[in-house]
Structures are given as structure tokens and as C-alpha cells.
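>>> Quick one, fold the following:
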Amino acid sequence: MYQKVRPLFLYCETPLHAGSGSDLGIVDLPIQRERHTGFPKIESSSLKGALREDFESNAHEIMVAGRQFKVNDGLRSKSKGVGMGKPLTLAFGPEGDEANEAHAGALAFTDARLLLFPVKSMKGVFVWITCPAILRRLERDMRLVKEYKDFRIDGIPNDLSQADASFAAWESNCNAEIHGADVAILEEYTFALVSSYKDKIKVKENEQGQKISLGAYLCEKLKIQDDYLKEKMKTDILVLSDDDFRDFVEMSTEVITRTKIDNETGTVQTGGLFTEEYLPSDSLMYSMVMSAPVFQKEEKLKDFNLKSADDIMAYFMEGIETRPIIQLGANATLGKGLLRTALLNPQNDHNHE
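This next block holds a predicted model:
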């Protein structure tokens with residue numbers, strides 16, 4: 001059904017609370033997590049809803065399929081109902097009780113998965129961590145895109161102690177020399193380099209592409225402009241064991257204690273003290289965006305040329321490029337949940353020759 005697939009990367013500019021509701025744990029309002037791994041995620045419904053809301057408020061003019069129109073053409077009106085046959089509705093689907101005109105949206109999204117997680121470091125302020133399980137999953141997901149069917153990350157080991165010279169892997173080591181050249185201290189834990197050569201993770205995108213480091217690859221795809229982040233991402237990505245990575249993403253998220261003040265007394269209301277969990281700033285996630293031909297009758301499409309999966313993906317791509325920052329999750333008025341988006345377009349990518 002879905003014919004086009006594109007990777008969408010999401011970089012946390014501010015802490016993100018994509019909540020899972022109340023929990024029986026020590027945090028009152030935890031974030032969403034995968035059941036089988038415990039890794040943080042963003043539910044596809046949350047992601048689609050945030051993107052739709054952003055598109056609804058986006059009045060930029062774009063050109064798709066030979067027609068010029070506003071990104072939010074098709075915005076629901078209380079008096080006129082849903083703009084059937086218009087771009088926003090064709091892509092995301094109608095809202096409300098439009099029983100006679102209901103159809104599915106031609107865009108679909110997978111859950112956003114965690115790729116890089118920031119951790120405090122004794123050297124360099126912070127580093128990003130990942131693990132073999134995350135990198136193998138990235139390989140599988142990227143290969144869903146026809147143009148990236150040869151995507152590969154070299155040297156991912158099953159056992160970090162067997163990592164080859166092309167793969168810089170680290171494992172926890174309480175006995176490591178603190179002043180040694182091959183030691184990283186993250187939070188209060190010491191990690192020693194276990195591969196024989198301090199090289200970067202290498203990415204091979206296609207048969208013609210030259211292998212480059214994962215950090216350099218992500219900098220290029222994410223179009224990072226900040227010089228500090230651009231250089232840091234090229235050097236400060238550490239690969240830990242799956243177990244160590246899981247411990248960090250479960251125990252090193254931000255947990256904020258909040259209060260509700262009684263306006264009459266100026267003190268904390270009874271029961272107004274609660275804790276809230278956030279995915280920290282500088283986390284990097286990704287989702288796979290899929291498009292299908294529109295699910296609407298031909299006669300409804302006379303005003304627009306959006307029909308094919310290519311047209312729908314082009315509409316989404318043009319729309320998201322006009323406003324690459326979206327807001328997702330709770331506490332928007334507190335500046336939380338700002339995400340920088342980057343949708344990969346294989347047709348515009350340059351091979352590393």
C-alpha cells in the first residue's frame with residue numbers, strides 16, 4: 001500500500017516530554033518507552049498529531065505537482081467542515097465526523113526510535129552514546145528505503161571485546177587508568193576503549209558511496225549549521241554495550257519536580273507536587289515516513305494534482321522544509337518539546353566519492 005519511504009530525523013532542541021500517562025513507578029509522569037527494550041520512543045500517533053498541527057498553522061506557499069498552494073490548504077473550518085480533496089486532508093486524513101467522506105490519510109509514520117542519547121562527560125561537557133542493538137536497527141530501517149538498500153555501518157560487533165579496528169567501542173571498566181588516553185568518564189562511570197584502533201564508526205550508504213564516519217554522515221544529513229555541534233558530532237559518539245546503553249537511557253533522563261501554587265495562600269497546593277520525566281536536549285531520534293496514493297475519489301481531486309505516492313511525499317517534504325522546527329509533547333508554553341526535523345531525500349543526496 002505504501003510505496004515511498006523516507007527517514008525523518010528529530011533532534012531535540014529542548015527537553016521533550018512525550019508522556020505515557022501516570023505510572024506506578026517513582027516518576028509520576030514518565031515518558032513513552034518501548035516495552036521490550038525500555039528505550040525511549042515517541043508514539044507514531046503523537047508524532048503524526050504534532051506534524052499535522054504544525055502543517056495546519058503553516059501558510060507558506062509551496063509548489064507541488066505543478067500547482068502552487070498553501071501548506072495548510074484543506075484546513076478544517078467550523079462552518080464549512082473538512083477541505084475534502086485538498087492537500088492537508090489528502091495527506092493526513094479528514095478529522096471529525098465526516099462519515100460520508102471519510103478516507104485514510106496517504107501519509108503514515110512509524111514510532112520515532114532513539115539513535116543518540118546525550119550523557120554528561122568529564123571531558124568535552126557531554127558525549128552522545130549509542131549501542132550495537134541501536135545501530136543494527138538503524139541499518140534495517142534505512143534499508144526500507146529503496147535508494148538506501150545498501151546502507152551499512154561497518155564492524156558492528158556482537159561482543160564489544162571483539163570489535164575490529166574500524167569500530168571504536170567502549171565498555172565499563174572500574175579499574176581503568178583515569179588519566180589514560182583511552183578512557184571516558186560518563187556520569188560517575190568509567191569506560192575503557194576496547195577496540196584496537198581509535199577510529200570512527202563508518203557508514204556506507206550505497207555501492208558508489210565512500211565510507212565516512214557516522215558523525216560526519218549525520219551532520220551532512222541533518223544539515224547542522226552550528227559549528228560547535230558539527231565538529232562535536234564528528235568526534236564525540238561513543239558505542240557502549242547494549243546493557244550499559246539501556247542503563248543510561250533508563251536512569252539518566254531528566255526528572256523534574258514541579259509544584260502547583262495556591263493563588264490565595266501563595267503556597268503549594270495539597271497534592272500539587274509531582275515529578276515529570278524528559279528526554280534531554282540534544283537527543284536524536286528517527287522515524288520512517290511512508291506515503292501511498294491518495295485515498296479519495298478522482299472527481300474530488302480536480303483542484304489539485306496530488307494523486308501519487310510521490311506527490312504526497314513531495315508535499316510533506318516541501319511543507320516540512322518551510323518550518324523545520326516543530327513542537328511535540330507537553331509544556332509547550334515552557335519551551336519544551338522543540339524538535340528540529342530533517343527529512344532525507346535520496347534524490348538530492350550527494351554520493352561521497
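>>> Would you mind measuring from T322 to M63?
Applying Cβ to Cβ, to the nearest Å, the value for T322 to M63 is 11 Å. Any C-beta I mention is one placed from the backbone N, CA and C, and that applies to glycine too.
>>> So if I had to pick from these two, which one is more boxed in?
Set side by side, T322 and M63 show more neighbours around T322, with 13 against 10, by other Cβ atoms under 10 Å.
>>> Tell me the spacing between that one and K70.
T322 sits 10 Å away from K70, going by Cβ to Cβ.
>>> Mind listing the shared neighbours of those two?
Residues within reach of T322 and of K70 at once, by Cβ atoms under 8 Å, 6 or more residues apart in numbering, are N58, H60, I62.
>>> Same list (those) but as CSV, adding distance to R246 and secondary structure.
Shown next, in CSV, are the shared contacts of T322 and K70 (distance: Cβ to Cβ, whole Å; DSSP: H, G, I helix; E, B strand; the rest coil):
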residue, distance to R246, secondary structure
N58, 38, coil
H60, 41, coil
I62, 42, strand
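>>> Save those residues as CSV, and put in pLDDT and distance to N345 too.
Shown next, in CSV, are those (pLDDT from 0 to 100; distance: Cβ to Cβ, whole Å):
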residue, pLDDT, distance to N345
N58, 94, 19
H60, 94, 18
I62, 93, 15
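>>> what about I256, neighbour count?
Residues within reach of I256, counting by other Cβ under 10 Å, total 16.
>>> Please name the nearest non-neighbouring residue to it.
Spatial nearest neighbour of I256, excluding adjacent residues (Cβ to Cβ, 6 or more residues apart in numbering): E276 at 5.0 Å.
>>> Give me the pLDDT value at that neighbour.
For E276, the pLDDT comes out at 92.
>>> residue contacts, it?
Contacts were defined as Cβ under 8 Å, 6+ apart; by that measure E276 touches H17, V27, D28, L29, V255, I256, T257, R258, A330, N331.
>>> Please repeat the previous calculation with a cut-off of 10 Å.
Applying Cβ atoms under 10 Å, 6 or more residues apart in numbering, we find E276 in contact with 15, 17, 19, 27-31, 254-258, 330-331, 336.
>>> quick one: what helix or strand has it in it?
strand 268-278 (DSSP states H and E).
>>> after that strand comes which helix or strand?
Past strand 268-278, further along toward the C-terminus, the next helix or strand under DSSP H and E is strand 284-291.
>>> Adjacent strands (with direction) for that following strand?
The strands beside strand 284-291 in its sheet (DSSP bridges) come out as strand 4-12 (antiparallel), strand 107-109 (antiparallel), strand 112-120 (antiparallel).
>>> Please name the nearest non-neighbouring residue to N331.
The shortest distance from N331 to any residue that is not its chain neighbour, by Cβ to Cβ, 6+ apart, is 6.2 Å, and that residue is H17.
>>> Next: G337.
Using Cβ to Cβ, 6+ apart and skipping residues adjacent in sequence, the residue nearest G337 is G329, 3.9 Å away.
>>> circling back: give me the pLDDT for the residue nearest to N331.
As predicted, H17 sits at a pLDDT of 96.
>>> S195 now?
At S195, the pLDDT value in this model is 57.
>>> Can you pull the poorly scored residue ranges out of this protein?
Residues of the chain meeting the criterion pLDDT under 70: 22-24, 76-85, 96-101, 157-169, 173-181, 195-202, 205-210, 271, 297-304, 348-353.
>>> and the nearest residue to I26 once chain neighbours are set aside, bridged to which residues?
If the residues on either side of it in the chain are set aside, I26 comes closest to T275, at 7.6 Å by Cβ to Cβ, 6+ apart. Note on T275: beta-bridge partners by DSSP bridges are T257.
>>> which residues of the stretch 51-200 of the chain fall in helices?
Secondary structure of the stretch 51-200 of the chain, counting by DSSP state H, counting those that start in this stretch: helices at 87-92, 132-142.
>>> Cool, thanks, signing off.
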